[in-house]
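**Q** Build me a model from this:
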Amino acid sequence: MPRAFVAGATGYTGRAVVGELCRRQVEVVAHVRPDSKEIGRWTRELDEIGAAVDSSPWDEEAMADTLAAVAPSHVFSLLGTTRARARAARSETDGVPTYDSIDYRLTALLINAACSIHPPPRFIYLSATGVSSSRPRNPYYLARWKAERDLVDSGLRAVIARPGLIAGGDREESRPMEQVAALLGDRALAMAGRLGARGLRDRYLSFTADELAWALVSLALSDKGGACEGEVLRRYARGSDRR
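**A** Here you go, the predicted structure:
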């Protein structure tokens, strides 16, 4: 039976991925930050849907020990911060607000930990549309670009998912501007698709958490590897309406 370790399990996409894995009878170990103010709540909620909970510290040796004990066949890296949190977060080295400390450094730590166990797991990384082979200047995309490069260089069997906006009315955090952007963007993209720009539509059309979770889990359990975006990612998400 497959066994998955999910980092970022309490986020919007992470909760949906844990739920989808449990629905498919995959053993799940969901990681919750040990310093989370709501660790008790997350432990109860994740336990209710059938996941075990781990709260190992974000330390490379500790995470490597955890993965060695769990022996996952799949590791999901669904880590990321919001723009507001990025402003508030401080890197440990220079005190400058950055996406780097969470979106890149924790992902890099998880990649290294995954490389240390045998057999090595299949690694599923949630990146973003807009990341390409060229080094970006935008800090959000730069963090993901660096993580993608580390993952490719690691030699792990990997899936890199690059969805557009991830939006939904069931988010716990209020993101009204993001919801408006997704709504208006989806309308414009739908029109573009009708006019023949299907590639553009499929690449940037927003996903709900359930759609993306279905796609990520389906990709994880398939033989597909490498970067997935646009029509490929959309095709794997289409099963979400058949539950």
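
**Q** What segments of the chain are helices?
**A** With DSSP state H as the criterion, the chain has helices at 12-23, 39-48, 60-70, 83-88, 105-115, 139-154, 176-194, 198-204, 209-220, 230-237.

**Q** so which of those comes closest to Gly164?
**A** helix 198-204 (4.3 Å; C-beta to C-beta). Heads up, the C-betas are built off the backbone N, CA and C, glycines and all.

**Q** Read off the pLDDT value for Pro169.
**A** Rather than Pro, residue 169 is Gly. pLDDT recorded at Gly169 is 52.

**Q** next one: the one 5 residues further on
**A** At Ser174, the model reports a pLDDT of 46.

**Q** right, and Leu221 touches Glu20 too?
**A** No: when contacts are counted by C-beta atoms under 8 Å, Leu221 is not listed as touching Glu20 (10.4 Å).

**Q** Please say which of those two ends up with more neighbours.
**A** Taking other C-beta atoms under 10 Å, Leu221 and Glu20 do not tie; Glu20 has more neighbours (23 against 17).

**Q** Tell me which residues touch the spatially most central residue of the chain, please.
**A** The centroid of the chain falls nearest to Leu78 when counting by C-alpha atoms, centre = their mean (2.5 Å). Leu78 is in contact with Val6, Ala7, Gly8, Ala9, Gly11, Thr13, Gly14, Val17, Leu126, counting by C-beta atoms under 8 Å, 6 or more residues apart in numbering.

**Q** Now the fourth one. Nearest residue, chain neighbours left out?
**A** Looking back up the chat, that one is Ala9. For Ala9, ignoring the flanking residues on the chain, the nearest one in space by C-beta to C-beta, 6 or more residues apart in numbering is Ala30 at 3.6 Å.

**Q** Now do the one you found: how many residues are near it, please.
**A** 30.

**Q** I'd like the distance between it and Thr129.
**A** Separation of Ala30 from Thr129 (C-beta to C-beta, to the nearest Å) stands at 26 Å.
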